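>>> Provide a 3D model corresponding to the input given below.
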Amino acid sequence: MADSEGLAPAPALAERNHLPYPGESDAYRRARIALLAEEIELRRHIERVAVQRRALPQAPVVTKDYRFEGRDGPAMLADLFEGKDTLVTYCWMFGPERERPCPMCTAFLGPLAANAADIRQNVALAVIARSPVERMHAFAEERGWRNLPLYSDPTEQFGRDHHAWHDGADWPSYDVFTRDADGTIRHFWSGELGGTQDPGQDPRGSPEMIPLWNVLDTTPNGRKPDWYAQLEY
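Residues are numbered from 1 along each chain as shown. Coordinates of the predicted model:
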């Protein structure tokens, strides 16, 4: 059904825009068009959610002076904005007690690194972990990551306040901050991870942001419930 903005009905768009492939049966074509209509509705829903996110009420003010360590020395949260009015941070599960970082965080950071230069044309970006920053850079160089600003959280206060560090254990945390014209920093939005999955699903974010899973979701077998990414194969 078309929404209140007068969009064309998704089934009509699907019928008009499905491009048949050699050997399609009538049954496959009908099922594919029905699926395409649902995919169009999914895209529209994602767009509606993005609009709703952008329309959140005034976000809470960040009142703490968080301190980080970067490759160039100490930095405060305001420094991470790099002159932008928006900052995206990701807390990386790579604490000092870990021999190697979290494979799933790494599966997310690889594609993020590949797009970091593009992202930083629009907003600031920072990846934060509990390990010393030199250790973070060593792993980034091993993986060939470039353009990812890396920072250590030496007091662990930032990660604790944003639900990433828990008594020596790490969790991922994706957060978005804004900075007003007067310098006021606000916590605009955060991804929600723990406990949001439905019964029978493995833990996953709301929304899902890892390209790995999005690609596998397009395949016949989908996500294998007993498989996760590894650092080496």
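
>>> in this structure, which spans are strands?
Assigned by DSSP state E, the chain shows strands spanning 67-70, 73-76, 86-91, 124-129, 150-152, 165-166, 169-170, 173-179, 185-190.

>>> For the fourth one, buried residues please.
Applying a neighbour-count criterion of 16 or more other C-beta atoms under 10 Å, the buried positions in strand 124-129 are 124-129. Any C-beta I mention is one placed from the backbone N, CA and C, and that applies to glycine too.

>>> same check, this time on the fifth one
Judged by neighbour count using 16+ other C-beta under 10 Å, the buried positions of strand 150-152 are 150-152.

>>> quick one: average confidence on it?
When pLDDT is averaged over strand 150-152, the result is 98.

>>> now do stretch 76-89
For stretch 76-89, mean pLDDT is 98.

>>> Residues contacting it, please?
62, 65-68, 119-120, 122-128, 149, 151, 158, 162, 173-180, 183, 185, 188 (C-beta atoms under 8 Å, 6 or more residues apart in numbering).

>>> And those residues, which of them are buried?
If we count by 16+ other C-beta under 10 Å, those have these buried: 62, 66-68, 120, 123-128, 149, 151, 158, 162, 173-179, 185, 188.

>>> OK, contacts around the residue sitting nearest the centre point of the chain?
In the chain, the residue lying closest to the centroid (C-alpha atoms, centre = their mean) is Met209, at 4.3 Å. Shown in contact with Met209 (C-beta under 8 Å, 6+ apart): 108, 174, 191.

>>> Let's have these in CSV, adding distance to Trp213 and pLDDT.
Converted to CSV, those look like this (distance: C-beta to C-beta, whole Å; pLDDT from 0 to 100):
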residue, distance to Trp213, pLDDT
Phe108, 10, 94
Tyr174, 15, 95
Gly191, 14, 89
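
>>> These into TSV, with extra columns for distance to Ala12?
As requested, those are exported to TSV (distance: C-beta to C-beta, whole Å):
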residue	distance to Ala12
Phe108	37
Tyr174	36
Gly191	34
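
>>> Quick one: residues in contact with the lowest-mean-pLDDT helix or strand in the chain.
Of all the helices and strands that make up the chain, strand 169-170 has the lowest average by mean pLDDT, DSSP states H and E, namely a mean of 88. Contacts to strand 169-170, defined as C-beta under 8 Å, 6+ apart, come from residues 91-95, 98, 102, 129-130, 159, 164.

>>> now stretch 55-70
Residues contacting stretch 55-70 (C-beta under 8 Å, 6+ apart): 74-77, 79-80, 126, 128, 132-133, 149-155, 157-158, 161, 177-178, 184-189.

>>> go on, stretch 154-166?
Under C-beta under 8 Å, 6+ apart, the answer for stretch 154-166 is 64, 66-69, 77, 89, 91, 95, 128, 130, 153, 170-173, 175, 187, 190.

>>> residues of it that come out buried?
Residues of stretch 154-166 classed as buried: 158-159, 162-165 (neighbour count, 16+ other C-beta under 10 Å).

>>> tell me the angle the lengthiest helix in the chain makes with strand 185-190.
Ordering each helix of the chain by length in residues (DSSP state H) puts helix 26-54 first. Here helix 26-54 points in a direction 160 degrees away from that of strand 185-190 (axes from the mean of the first three to the mean of the last three C-alpha atoms, to 10 degrees).
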